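1. Predicted model, plus sequence, below.
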Amino acid sequence: MSANNQKPIFIVGCERSGTTLIRLILHSHPNIALPPQTKFLKKIYKRRLRWRNLTNEASRIKLGRWFAEHFDKRTKLPDLGLEVGAIHKEIISSATSLGAAATSVFSLYSRKFNKPRWGDKRPYYIKYLKQLLALFPNAQIIHVVRDGRDCIASLLKMPWWKEDLVYSIFNWQEAIRKGKHASRVLPEEQFIEIRYEDFVTHPEKWTRELCRFLGEEYHTEMLRFQETAEIAVPDYKMPWHSATREPLSSTAVGRWQKDLEKWQIRLIENAAGRELKEWGYELSGVNAIIPLGERFKYYKGLVEYRLNGWFISGLDRFISLFYPWPLSKQIDRTNHT
């Protein structure tokens, strides 16, 4: 197996930025298997003190039991189409670290397609790149960026998105800022950023660029991802991923102009104008009155969002003080982010 085939691929970014499209295109590559989105990785990482030293078989049995008990919609593990017994067996036999445990699950998925290389798509990993790289030091990360106004307008229509406009603004901003930081500190062979708008306008050019980054050959079938979507996108997700079964187009670019109210556009541009301009998104300059109540919600939300971020970061550092065991097979002492 080549060195590239041993590098996991992670697709990250703000939700509704085009990460599913990139997943399907890469999953259409003969060497790469990227599963539907799951929710188990962050859960086992947050609970790592339960498993403690996974080089001990008793700890692996405990972790394997957790996977068996959480083979449900909470983790979305059933979406992988794997047998719970197979996952349990892999965990006990080879999961000597948390990174190895996740690798066991994703490798089972890739073997189902007879592909040597695996990856994962979870947008909010962009907020946890330090933790992600502690688990997978040799990972290659693809950050997908989309106009924040389009991301937010789309998010507010999603049945599974329970947050308001203010939170959605901070969520997009954080993804952009985390990506900017990562682009400064990570080597170019490990981290790449692409604009959704550029990709849908010139799909072959950017698919070839992704292949170059990943060290893989370009294959024409990658742009016939609609065939892959038939089996790679769970049916219950089709209401918000219906475009994955249609020809690639740029019709979703700029929808914010009709989907958002003028005061919403102004609030987004006032709050995130710098990030929008840095990525080449022209501001509308719309002149609308932002309701006083919405202004209050913005400043209140700003404080709450930052306090929550500090709490989560502080809690993670505190837990790490009591977890001396390696998180990955490759112990990487370099603090990347």
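-> Noted; the coordinates are in hand.

2. so where do the helices sit in the stretch 151-300 of the chain?
-> Remark: helices assigned in the stretch 151-300 of the chain by DSSP state H, counting those that start in this stretch are 165-185, 196-201, 203-214, 225-232, 238-241, 256-259, 262-278, 292-321.

3. Which strands and helices lie in contact with the third one?
-> Yep, that's helix 203-214 we're talking about. Counting contacts by 3 or more C-beta pairs under 8 Å, 6 or more residues apart in numbering; DSSP states H and E, helix 203-214 packs against helix 19-27, strand 140-145, strand 191-195. (Each C-beta comes from the backbone N, C-alpha and C, glycine too.)

4. how big is the angle separating that helix from helix 19-27?
-> Relative orientation of helix 203-214 versus helix 19-27 (axes from the mean of the first three to the mean of the last three C-alpha atoms, to 10 degrees): 70 degrees.

5. Other residues contacting helix 203-214?
-> 4, 7, 9, 22, 25-26, 29, 32, 140, 142, 189, 192, 194, 198-199, 217-218, 222-223, 248 (C-beta atoms under 8 Å, 6 or more residues apart in numbering).

6. one step back: could the helices and strands packed on helix 203-214 be laid out in a markdown table, adding mean pLDDT?
-> Below are the helices and strands packed on helix 203-214 laid out as a markdown table (pLDDT from 0 to 100):
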| stretch | mean pLDDT |
| --- | --- |
| helix 19-27 | 93 |
| strand 140-145 | 98 |
| strand 191-195 | 98 |
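
7. ok so, going back, quick one: closest of the helices of the stretch 151-300 of the chain to residue 57.
-> Closest to residue 57 of the helices of the stretch 151-300 of the chain is helix 292-321 (C-beta to C-beta; 23.4 Å).

8. what number of residues lie near the closest residue to residue 55 other than its chain neighbours?
-> Excluding its sequence neighbours, the residue lying closest to residue 55 (C-beta to C-beta, 6 or more residues apart in numbering) is residue 96, at 5.0 Å. Using other C-beta atoms under 10 Å, residue 96 has 20 other residues around it.

9. Residue 96 touches residue 53, doesn't it?
-> No - counting by C-beta atoms under 8 Å, residue 96 stays clear of residue 53, with 9.1 Å between them.

10. circling back to that earlier point, out of the helices of the stretch 151-300 of the chain, nearest to residue 119?
-> Using C-beta to C-beta, the nearest of these to residue 119 is helix 203-214, at 9.3 Å.

11. Can you give me the buried ones in that closest one?
-> Across helix 203-214, burial judged by 16 or more other C-beta atoms under 10 Å covers 203, 206-207, 209-211, 213-214.

12. how about CSV for the helices and strands packed on helix 203-214, with distance to residue 169 and mean neighbour count added?
-> Listed next are the helices and strands packed on helix 203-214 as CSV, based on distance: least, C-beta to C-beta, whole Å; neighbours: other C-beta atoms under 10 Å:
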stretch, distance to residue 169, mean neighbour count
helix 19-27, 19, 25
strand 140-145, 15, 24
strand 191-195, 19, 19
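
13. can I get those in JSON lines with distance to residue 277?
-> Below are the helices and strands packed on helix 203-214 laid out as JSON lines (distance: least, C-beta to C-beta, whole Å):
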{"stretch": "helix 19-27", "distance to residue 277": "23"}
{"stretch": "strand 140-145", "distance to residue 277": "13"}
{"stretch": "strand 191-195", "distance to residue 277": "14"}
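
14. nearest to residue 57, of those?
-> Using C-beta to C-beta, the nearest of the helices and strands packed on helix 203-214 to residue 57 is strand 140-145, at 31.8 Å.

15. That closest one vs helix 165-185, what angle?
-> If you take the same axes, to 10 degrees, strand 140-145 sits at 140 degrees to helix 165-185.

16. just checking, what packs against strand 140-145?
-> strand 9-13, helix 19-27, helix 165-185, strand 191-195, helix 196-201, helix 203-214.

17. Spell out which strands sit alongside it in the sheet and which way each one runs.
-> strand 9-13 (parallel), strand 191-195 (parallel) (DSSP bridges).

18. Compare those and give me the one nearest residue 78.
-> Using C-beta to C-beta, the strands paired with strand 140-145 put strand 9-13 closest to residue 78, at 21.1 Å.

19. tell me which residues in that closest one are buried?
-> Buried residues in strand 9-13, counted by 16+ other C-beta under 10 Å: 9-13.

20. Ok, stretch 31-40 next?
-> 31-38, 40.

21. So which of these are in strands?
-> Of the buried residues of stretch 31-40, the ones assigned to strands by DSSP state E are 32-33.

22. So which of the buried residues of stretch 31-40 is the closest to residue 114?
-> residue 33 (8.9 Å).

23. In the sheet, which residues pair with that closest one? Tell me.
-> Beta-bridge partners for residue 33, by DSSP bridges, are residue 118.

24. Any idea which of the helices and strands packed on helix 203-214 gets closest to residue 315?
-> strand 140-145 (23.7 Å).

25. rewinding a little: the helices and strands packed on strand 140-145: lowest mean pLDDT?
-> Among the helices and strands packed on strand 140-145, helix 19-27 carries the lowest mean pLDDT, a mean of 93.
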